[in-house]
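K.L.:
Model the following, please.
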Amino acid sequence: MNSTPRTVLAVITACALLASLSAQPAPSTISHWQRASETPIVSPQGEAWESAGTFNPAVALFHGKFVMLYRAQDRAGTSRLGFAESTDGIHFQRTLAPALSPLTPYERGGGIEDPRLVQFGDTYYLTYTAYNKKDAQLCLASSRDLVHWQRLGVILPPYKGKWNVGWTKSGAIVPEKIDGKYWMYFLGTSADKTDQMGLAYSTDLVHWTEALDTPVLPVRPGKFDARVAEPGPAPILTNDGIVLIYNGADDKLVYRTGYAIFDRKDPRHLIARSSDPIFAPEKDWEKTGQVPNVVFVEGAVPQGDRYLFYYGGADKYVGVAQAEVSGATASTAPHK
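P.N.:
As a prediction, this is how the structure comes out:
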């Protein structure tokens, strides 16, 4: 009787193991995702600083209220951050003046874009993209009340990355220290012109170092994230790992939502990733706007047994969805 060569057996065993691993359900999932409002909760208004678009919001809880910082764009294309408050997370009241307007040389011209919020102790940290009509780069500001902000400068300059050779954007900071460091997922552009997700670490939240020589979450040809894999809001900590909601775009630049799960002890290690999107543009106001066919999640707030997820629709409106996150350990209490 002829025996199978050991090398062939090894290959068969390895393939079987990989098949069994890929067949396993994700250790932590986003379930029951649905819109919490069928219509936009913030829309453009007036003829001034928020006349063209109000979209891509960050949201945090402060003294029992939902506070939203959203990107507001005027008809000249300059972006500022608007401020709005809510008691229920759905109905928001806006202030007449923007919360942050472009002041520095790296902000003037294009403005302040796409905020994300994270809290450590009694301080909130805001990552945002500064665009001066020439370069876009990832910046940081801090506040204790979400109203008065101190700019901390550019934290990841463009064109200087290990693999990201272009602009830097979209900083999603993990809401607790791991191995004595702060960790941040961000967007960079690789040499093939695709926008992929990188990972950086810091000991003080101001000075950041790239953790890897390659993207931590690369794009996937033929999938909903074939062209762009961009971080969403600050990750959600769960019993099984770090759950990161992210925004993927295909080759036609249709933006949909996915999730990735990283090791709770090692943010560099990817455990699982959604093979299909969990959220996609369906409403007219998500399909038609300044940029068509876009849902872009940037805010996440726990609310009872679910999370509220805030997103931009077609780069013109703010929407809100809700979902359950199994094993979530995050709470409204500030992290040290």
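K.L.:
Any idea how many residues pack against residue 120?
P.N.:
By other CB atoms under 10 Å, the residues close to residue 120 number 17. Any C-beta I mention is one placed from the backbone N, CA and C, and that applies to glycine too.
K.L.:
who does it bridge with?
P.N.:
Counting by DSSP bridges, residue 120 is bridged to residue 123, residue 335.
K.L.:
For it, give its distance to residue 177.
P.N.:
8 Å (CB to CB, to the nearest Å).
K.L.:
any idea which element residue 49 lies in?
P.N.:
Using DSSP states H and E, residue 49 maps to neither a helix nor a strand.
K.L.:
can you check the one 5 residues further on too?
P.N.:
According to DSSP H and E, residue 54 maps onto strand 53-62.
K.L.:
Extract the C-alpha trace of that strand and format it as PDB.
P.N.:
The C-alpha trace of strand 53-62 is given here as PDB (Å, rounded to 0.1, in the frame of the first residue of the first chain):
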ATOM      1  CA  GLY A  53     -22.700  70.200   3.800                       C
ATOM      2  CA  THR A  54     -23.000  69.000   7.400                       C
ATOM      3  CA  PHE A  55     -21.500  65.500   7.700                       C
ATOM      4  CA  ASN A  56     -19.000  63.200   9.200                       C
ATOM      5  CA  PRO A  57     -19.700  63.700  13.000                       C
ATOM      6  CA  ALA A  58     -17.900  62.800  16.200                       C
ATOM      7  CA  VAL A  59     -20.100  62.400  19.300                       C
ATOM      8  CA  ALA A  60     -19.400  62.100  23.000                       C
ATOM      9  CA  LEU A  61     -21.300  62.100  26.200                       C
ATOM     10  CA  PHE A  62     -20.700  65.100  28.500                       C
END
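K.L.:
who does it pair up with?
P.N.:
strand 65-73 (antiparallel).
K.L.:
Which positions within the strand it pairs with qualify as buried?
P.N.:
For strand 65-73, burial by neighbour count (16 or more other CB atoms under 10 Å) applies to 66, 67, 68, 69, 70, 71, 72, 73.
K.L.:
my read: the second one touches residue 57, true?
P.N.:
Which is residue 67. No: applying CB atoms under 8 Å as the test, residue 67 and residue 57 come out as separate, 10.2 Å apart.
K.L.:
where along the stretch 201-336 of the chain do the strands fall?
P.N.:
208-210, 228-231, 236-237, 242-249, 255-262, 270-273, 295-303, 306-313, 317-325 (DSSP state E, counting those that start in this stretch).
K.L.:
Pick out the residue closest to the middle of this protein.
P.N.:
When the chain is reduced to its mean C-alpha position, the closest residue under CA atoms, centre = their mean turns out to be residue 232, at 1.3 Å.
K.L.:
Format the strands of the stretch 201-336 of the chain as TSV; extra columns: mean neighbour count.
P.N.:
Below are the strands of the stretch 201-336 of the chain laid out as TSV (neighbours: other CB atoms under 10 Å):
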stretch	mean neighbour count
strand 208-210	18
strand 228-231	26
strand 236-237	22
strand 242-249	26
strand 255-262	25
strand 270-273	18
strand 295-303	24
strand 306-313	26
strand 317-325	22
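K.L.:
could these go into JSON lines alongside mean pLDDT?
P.N.:
Output for these, formatted as JSON lines (pLDDT from 0 to 100):
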{"stretch": "strand 208-210", "mean pLDDT": "97"}
{"stretch": "strand 228-231", "mean pLDDT": "98"}
{"stretch": "strand 236-237", "mean pLDDT": "96"}
{"stretch": "strand 242-249", "mean pLDDT": "98"}
{"stretch": "strand 255-262", "mean pLDDT": "97"}
{"stretch": "strand 270-273", "mean pLDDT": "96"}
{"stretch": "strand 295-303", "mean pLDDT": "97"}
{"stretch": "strand 306-313", "mean pLDDT": "97"}
{"stretch": "strand 317-325", "mean pLDDT": "96"}
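K.L.:
Let me see the contact set for the residue nearest to residue 110 when sequence neighbours are not counted.
P.N.:
Take residue 110 and drop its neighbours on the chain: the residue closest to it by CB to CB, 6 or more residues apart in numbering is residue 131, 3.0 Å away. By CB atoms under 8 Å, 6 or more residues apart in numbering, residue 131 lies in contact with 79, 107, 109, 110, 111, 113.
K.L.:
list the contacts for the second one?
P.N.:
For residue 107, the residues meeting the contact criterion (CB under 8 Å, 6+ apart) are 130, 131, 132, 139.
K.L.:
what about 10 Å?
P.N.:
Applying CB atoms under 10 Å, 6 or more residues apart in numbering, we find residue 107 in contact with 78-80, 100-101, 113, 128-132, 137, 139, 151.
K.L.:
Can you get me a residue count around residue 285?
P.N.:
Around residue 285 there are 16 residues (other CB under 10 Å).
K.L.:
per-residue pLDDT, the residue nearest to residue 110?
P.N.:
We have a pLDDT of 98 for residue 131.
K.L.:
Tell me how far it lies from residue 248.
P.N.:
Going from residue 131 to residue 248 by CB to CB gives 22 Å.
K.L.:
Where does the prediction get shaky in the stretch 1-150 of the chain?
P.N.:
Under the criterion pLDDT under 70, the flagged ranges of the stretch 1-150 of the chain are 1-28.
K.L.:
quick one: the helices in it?
P.N.:
6-23 (DSSP state H, counting those that start in this stretch).
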